[in-house]
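Peer 1: next input, structure requested:
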Amino acid sequence: MIKAIIFDLDGTLVDSVEYHTQAWVKAFQEYGYDFPFEQLRQQIGKGSKYIIGELLPADEAERLESDIAQYRKQYYQDNLLSKVQPFPQVKKLFATIKADKMKIILASSARNETIDHYKKLLEIEDLIDGATSTDDVAKSKPEPDIFVSALEKLGDISPEEVIVVGDSPYDAIAAGKASLRTIGVLCGGFERETLIQAGCISIYQDPADLLNNYPQFLKIDEAVK
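Peer 2: Sure thing, here's the model as predicted:
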């Protein structure tokens, strides 16, 4: 029986992936690197350390990681965060889940201040039981730390009683390392096959699709990919 759901934020509950990609393009350009938009888009969902570490030579990544990450964060906050819109039906989905006496935790590679903004944007502050961010852990996605922290907030609820909802393969990979099962959503822009290969047990379009198929999406032992 499912007792709690852990939700990713960017690309899952808010339509922000394109804006995050724009910020990464701008940040890399500021430090002399011109990566294609689509190449960077496929990286969204990871923590900054892993994006920079994968794309730059090791010595350059070590030298520039902090500067690029800070520039990206500030550019996103100053120029793009205000443009982000929620996906439809998130608040109603959360209210439905809470009416079934389940807990809801947010687990994001974003920073706390960004998560706070999203909570207000989505009008879900009184519908969640906690949130964990990249500020709270040593390693961000695709490492499992954020989901391990989320599980700790759930107390005595076991991983078998929890599901994760996320839009990226990095959600599924990180959740799997914490012995959690993941339902994928396509609204973040990743292909269905990519999400399945990363470990998602079932796929839906977006939060509205989850609501329209509620409570079927919770029957994860019957899920068909």
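Peer 1: then the lengthiest helix in the chain to CSV, C-alphas only?
Peer 2: Taking DSSP state H as the assignment, the helix of the chain that covers the most residues is helix 58-75. The C-alpha trace of helix 58-75 is given here as CSV (Å, rounded to 0.1, in the frame of the first residue of the first chain):
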residue,chain,number,x,y,z
ALA,A,58,38.4,17.5,-15.7
ASP,A,59,40.9,20.4,-15.0
GLU,A,60,38.5,23.0,-16.5
ALA,A,61,35.6,21.6,-14.6
GLU,A,62,37.5,21.8,-11.3
ARG,A,63,38.6,25.3,-12.0
LEU,A,64,35.3,26.7,-13.3
GLU,A,65,32.6,24.7,-11.6
SER,A,66,31.8,27.1,-8.8
ASP,A,67,31.8,30.2,-11.1
ILE,A,68,29.7,28.6,-13.9
ALA,A,69,27.2,27.2,-11.4
GLN,A,70,26.8,30.5,-9.6
TYR,A,71,26.4,32.4,-12.9
ARG,A,72,23.8,29.9,-14.1
LYS,A,73,21.9,30.2,-10.8
GLN,A,74,21.9,34.0,-10.7
TYR,A,75,21.0,34.3,-14.4
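Peer 1: go ahead and confirm residue 206 touches residue 88.
Peer 2: Yes: using C-beta atoms under 8 Å, residue 206 is in contact with residue 88, at 7.3 Å. The way it works is simple: take the backbone N, C-alpha and C, and place the C-beta from them, glycine included.
Peer 1: who has more neighbours out of the two?
Peer 2: Comparing residue 206 with residue 88 by other C-beta atoms under 10 Å, the one with more neighbours is residue 206, at 22 against 15.
Peer 1: could you tell me the angle between the host helix or strand of residue 22 and helix 58-75?
Peer 2: Using DSSP states H and E, the element containing residue 22 is helix 17-30. Interaxial angle, helix 17-30 versus helix 58-75 (axes from the mean of the first three to the mean of the last three C-alpha atoms, to 10 degrees): 130 degrees.
Peer 1: report the distance from helix 17-30 to the chain centre.
Peer 2: The offset between the C-alpha centroid of helix 17-30 and the centroid of the whole chain comes to 17 Å, using C-alpha atoms, centre = their mean, to the nearest Å.
Peer 1: contacts for the helix or strand following it, please.
Peer 2: Beyond helix 17-30 on the C-terminal side, the first helix or strand identified by DSSP H and E is helix 37-41. Helix 37-41 is contacted from outside by 17, 18, 21, 22, 24, 25, 28, 51, 189, using C-beta atoms under 8 Å, 6 or more residues apart in numbering.
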